[in-house]
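**Student:** Need coordinates for the following:
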Amino acid sequence: MCPEQVQKGWQEHGEHGWFVSKPQSFEWLLEFQCVKDWIDTYTAKDTRQGYLRVLEKVCKASGMNPDQLLSLSGKEAKVIIKRVSQEKLQEGKAAMARKIQIAMKSFFEANDLELSFKRSERIKVPAKKVVVETIPNKMQAYKMAEVTGSVRNRAIILDLFQSGVRVGCLCSWRYGHVKDQLYPEVKVPVRIKVTPDMDSKIGGYGLSYYYAFLAEEAARALKDYVEERKRKGWIPNDEDYIFVTEGTVSRGRRLTNQSVWEVVKRAAEKAGLKPRGVWTHLLRKTFRKVLNGTPMAEDLKEALMGHKLPGSRGNYFDYHDIDEAASSYLRVDWSRRPERLISLETQLQEAMQEIEKLRNSLSKIKSGSPIDVDFRELAEYVRDLIIAEKPSDPEMQQILEEIKGLHRELKGAFKEIDKLKKQLEERGFT
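**Tutor:** Next up is the predicted model:
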């Protein structure tokens, strides 16, 4: 390395021309036990690194190491922290300034020292411009999966949608979590035990784990992706991450939340949605939207989302009854049928029940038995099922034709009733 390169901050390049990663600037902090005890309470990588960088800033600004900071009185420590956070505030970085307050308060409290800020001292972050979110419906989620462009990306969309897990959890799935449920045959629903190291939020809820599930299509999409990786030379171990990068240089690395975010954005745009209004967390909302369309108990819906139930409801709910949760999950309609088609099928079933009721009533009339049917209301009910415009979907067209046929049958039944009534009247019955 020549002196000129040293002066310019030259950095060594790796095998593919990329910069070789260097040790993080904050790593020296981990030599202090007080820092290790504090930061190990956090499992999320981004949180750990973010908080360590904050502590590094405060140490550099004060010229002290972590042990020396902890030896200060609360008032002295607060003066230093306020000075560092105010500098960021003056730079227009309100979110960073607030993060400094939160991280340092956490550091002091983890070491049994109190550090509190008055209401007037707490930094407030201006609200971001609100973006109108577009929560994909079930059919839009399936369309996103189909147009996304690769076997991996299709599996990502379907697995996010049908499991309802957070994106960080999906990136943490390992081969050992699912291999016995994908081979030799797919076992539906695929059960995934979500623990705090996969989803740090559930640790904050006080949950040791919860189960997420995959229905038929998402499970098979996951297996297709695993098979594709094997064909390309992957020899899986239980600890291998399932979802990895596909670039020519960075191939095989664990997929990041940001990478999945980009996959979802591109899929939304290709599916005809505005990408600005769609992001990864909205597929979790799509999952909840599908659950809301079922008679499933609210507590179970919350459990499938990985939420903790409030108050006594949580005390009496069995989070770990996996078979009950799996059975309820399978009763959810994860098929590709449009919601409108499902509604029409339900109405068709109701119409068939009403017509069967009418047939029984006709039999009673012929036998002289009393009946109790409001025929006018029944006719009006079936007539309302007929749609004015013919739908383009072939399945819906078939349903419509069946409803029209039932309506014709009902009209024929009316004529039969009128004929029987007239005969009864002629014989003196009223």
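**Student:** Which helix or which strand is home to the most centrally placed residue in the chain?
**Tutor:** By CA atoms, centre = their mean, the chain has its centre lying nearest to Arg284, at 2.1 Å. Using DSSP states H and E, Arg284 sits within helix 280-292.
**Student:** For the helix or strand following that helix, list every residue counted as buried.
**Tutor:** Following helix 280-292 in sequence order, the next helix or strand is helix 298-304 (DSSP H and E). The neighbour-count criterion (16 or more other CB atoms under 10 Å) identifies 299-304 as the buried residues of helix 298-304. The C-beta positions use only the backbone N, C-alpha and C, and glycine is treated the same way.
**Student:** Quickly note the distance from the spatially closest residue to the residue nearest to the centre of the chain that is not a sequence neighbour to Trp173.
**Tutor:** Using CB to CB, 6 or more residues apart in numbering and skipping the chain neighbours, the partner closest in space to Arg284 is Gly164 (5.3 Å). Noted for Gly164: a distance of 14 Å to Trp173, by CB to CB, to the nearest Å.
**Student:** domain parsing for this protein?
**Tutor:** If you go by automatic domain parsing, the domain ranges for the chain are 16-121, 138-330, 339-426.
**Student:** Could you single out the most deeply buried of the ones you listed?
**Tutor:** Mean neighbour count (mean count of other CB atoms under 10 Å) peaks for domain 138-330 among the domains of the chain, with a mean of 17.
**Student:** Need the distance between the two termini of it.
**Tutor:** Domain 138-330 has an end-to-end distance of 16 Å (CA to CA, to the nearest Å).
**Student:** what do you get for stretch 124-136?
**Tutor:** 33 Å.
**Student:** Could you do stretch 106-121 as well?
**Tutor:** Terminal residues of stretch 106-121 lie 16 Å apart, using CA to CA.
**Student:** Apart from its chain neighbours, what residue comes closest to Phe32?
**Tutor:** Pro66 (4.6 Å).
**Student:** Quickly list what Val194 is bridged to.
**Tutor:** For Val194, the beta-bridge partners are Tyr210 (DSSP bridges).
**Student:** what residues are up against it?
**Tutor:** The contact partners of Val194, taken as CB atoms under 8 Å, 6 or more residues apart in numbering, are 165, 169, 202, 209-212, 306.
**Student:** Return the distance of it relative to Phe108.
**Tutor:** Applying CB to CB, the value for Val194 to Phe108 is 32 Å.
**Student:** Mind jotting down where the helices sit in the stretch 51-200 of the chain?
**Tutor:** Taking DSSP state H, counting those that start in this stretch as the test, the helices found in the stretch 51-200 of the chain are 66-70, 74-90, 94-110, 138-147, 151-163, 167-171, 175-182, 200-204.
**Student:** could the domains of the chain go into a markdown table alongside distance to Val132 and mean pLDDT?
**Tutor:** Putting those into a markdown table (distance: least, CB to CB, whole Å; pLDDT from 0 to 100) gives the following:
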| stretch | distance to Val132 | mean pLDDT |
| --- | --- | --- |
| domain 16-121 | 22 | 88 |
| domain 138-330 | 6 | 91 |
| domain 339-426 | 22 | 61 |
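**Student:** could you measure the closest residue to Ala110 other than its chain neighbours against Met104, distance?
**Tutor:** Sequence neighbours aside, Trp38 is the residue nearest to Ala110 in space, at 3.9 Å (criterion: CB to CB, 6+ apart). Here Trp38 is placed at a distance of 11 Å from Met104 (CB to CB).
**Student:** Please apply the same query to Gly92.
**Tutor:** 21 Å.
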